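Participant: predicted structure and sequence below. I'll ask about it afterward.
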Amino acid sequence: MINKQKILVVTPRFPYPVIGGDRLRIYQICKYLSSKYDLHLVSICEQKEDLDYQVPDDKVFTSIDRYYLPKWKSYLKTAWGVLNFSPLQVAYYKSAGFKKLVDKHIKSADLALCHLVRTAKYIEGHDIPKVLEMTDAISMNYDRVAKISKTSGIMNFIYSVERKRLRAFELGCIDNFDYSVLVSDIDKSYLLPNGGANKDKVIVSSNGVDTDFLSYDFSHNSKTIIFIGNLYSVQNLDAAVWFAEHVMPLLLSKGNYKFKVIGRIKEKDRVKFKNFKGVELTGAVDSIPCEARGSLAAVCPVRLAAGVQNKILEYMSLGVPTITSSIGLEGINAQPGKELLVANKPEEYVAEIEKLYFDEPFSEGISIAARSFVESEHSWDSQLSNIGDVFNSLEIKPVK
């Protein structure tokens, strides 16, 4: 039997259970690569429950090593990062113990795959072909946060400091890794606006969607508008609050519409919605498809995002007509007016929602075209094939 080459996969968050955009993406990448390579996962765990989580028999990883990094240690490292000019989220995941674990396993690996810039330092100094799954240009997101942020004091200071440090760090990662992967040309153009010597070291691989799990089911029997997102994320919380505050009052003047926010939320953030009418917060749910089905429309009013919005692909797969901001559309080559709708101002969202409600044939046409788009353009295999090509092209040590 021919031995497979070994890839050491280094992640800052345990990828199980497979929920949330970052876990979903790295899991799908690893699942794709596992057909040709043996994957050995070393992962930081922030929760003790992650150490005992029973991994399903999915045959993705040949072996798994977990390292518990309590949050209090991460907070101390972050505080130190303010003083030593390291990006704060890189400092947050810094651990000498985890570094020893990586160093131990890298000796028997042929290649390395790091997830997010947070883990890039762990491979530094090792002479091994390596790929960095950056996903987003995080510094671009911080730029956007800083431009619209109304906060002052410590948070404004953090945004200001972090975006400058992150950009320099991201560019350094591109220089130090054999290849880096981003989800959209927007992110690549932000980091490398003039191309340059490193342009061929950065590949673009968008996100896919599981159309079998997110099966198509068009409906036109309600006035429910949905938003799917983890509201622990600043970007998602900002988007949901903005829609509840600025769009819902106008929409409620037209009829008994409801804004249903699907996703986990911190208790302290629930109070941000208490004065908004027509809003339902589900919290974490057992089945997103079940919660989403039967909705009139789905929205993605993000203002701070970078990369590709998975929620849009999920909406389209489910057959719920989608309305997104221009920023949300970035990285998705769907045709506005045909496969989805675009709105940026409150009045624009109201107009599009009303059009969907009063014109069922138009609504169904958007739904059908959207589903066809994700089926043809956003299967995981088609989106990840160039990552497979990258690993195939790297010089690999002969198998012993």
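Facilitator: Cool, got the structure. Numbers count the residues shown, from 1 in each chain.

Participant: got any ranges where the protein has weak pLDDT?
Facilitator: 1-2, 146-158, 305-307, 395-400 (pLDDT under 70).

Participant: the strands in the stretch 201-350 of the chain, which residues?
Facilitator: 202-204, 224-228, 258-262, 279-283, 297-300, 322-324, 341-342 (DSSP state E, counting those that start in this stretch).

Participant: my error: substitute the stretch 1-150 of the chain in the last question.
Facilitator: 6-11, 38-45, 63-68, 111-115, 130-135.

Participant: picking that back up, in TSV, list the strands of the stretch 201-350 of the chain along with mean neighbour count and distance to residue 46.
Facilitator: Backbone N, C-alpha and C define where each C-beta goes, glycine included. Below are the strands of the stretch 201-350 of the chain laid out as TSV (neighbours: other C-beta atoms under 10 Å; distance: least, C-beta to C-beta, whole Å):
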stretch	mean neighbour count	distance to residue 46
strand 202-204	17	29
strand 224-228	24	23
strand 258-262	21	24
strand 279-283	16	20
strand 297-300	27	27
strand 322-324	28	31
strand 341-342	20	36
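
Participant: now these in TSV, with distance to residue 43?
Facilitator: As requested, those are exported to TSV (distance: least, C-beta to C-beta, whole Å):
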stretch	distance to residue 43
strand 202-204	24
strand 224-228	25
strand 258-262	27
strand 279-283	26
strand 297-300	29
strand 322-324	32
strand 341-342	38
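
Participant: which one of these lies nearest to residue 45?
Facilitator: strand 279-283 (23.2 Å; C-beta to C-beta).

Participant: with just CA atoms, put the closest one into CSV.
Facilitator: Provided in CSV are the C-alpha atoms of strand 279-283 (Å, rounded to 0.1, in the frame of the first residue of the first chain):
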residue,chain,number,x,y,z
VAL,A,279,-37.9,41.5,16.3
GLU,A,280,-37.5,37.9,17.4
LEU,A,281,-34.1,36.5,18.7
THR,A,282,-34.0,32.7,18.5
GLY,A,283,-30.6,32.3,20.1
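
Participant: which outside residues touch it?
Facilitator: Under the criterion C-beta atoms under 8 Å, 6 or more residues apart in numbering, residues 244, 248, 258-265, 270, 273, 291 lie in contact with strand 279-283.

Participant: where do the helices of the stretch 51-200 of the chain begin and end?
Facilitator: Ranges of helices in the stretch 51-200 of the chain, per DSSP state H, counting those that start in this stretch, are 71-84, 88-92, 96-106, 138-148, 154-176, 185-191.

Participant: again, but for the stretch 301-400 of the chain
Facilitator: Under DSSP H, counting those that start in this stretch, the stretch 301-400 of the chain gives helices at 310-318, 326-329, 346-358, 360-377, 380-393.

Participant: ok, which of the ones you listed comes nearest residue 65?
Facilitator: Nearest to residue 65 among these is helix 380-393; the distance by C-beta to C-beta comes to 21.3 Å.

Participant: quick one on the thing from earlier: which one of the strands of the stretch 201-350 of the chain lies closest to residue 353?
Facilitator: Closest among the strands of the stretch 201-350 of the chain, using C-beta to C-beta: strand 297-300, at 5.6 Å.

Participant: which helices and strands does that closest one pack with?
Facilitator: strand 224-228, helix 310-318, strand 322-324, helix 346-358 (3 or more C-beta pairs under 8 Å, 6 or more residues apart in numbering; DSSP states H and E).

Participant: need the helices of the stretch 51-200 of the chain in TSV with distance to residue 35 and mean neighbour count, can you?
Facilitator: Output for these, formatted as TSV (distance: least, C-beta to C-beta, whole Å; neighbours: other C-beta atoms under 10 Å):
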stretch	distance to residue 35	mean neighbour count
helix 71-84	35	14
helix 88-92	32	21
helix 96-106	21	15
helix 138-148	30	19
helix 154-176	27	17
helix 185-191	27	19
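
Participant: and the ones you listed as a markdown table, adding distance to residue 207?
Facilitator: Formatted as a markdown table, the helices of the stretch 51-200 of the chain follow (distance: least, C-beta to C-beta, whole Å):
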| stretch | distance to residue 207 |
| --- | --- |
| helix 71-84 | 27 |
| helix 88-92 | 21 |
| helix 96-106 | 27 |
| helix 138-148 | 16 |
| helix 154-176 | 19 |
| helix 185-191 | 12 |
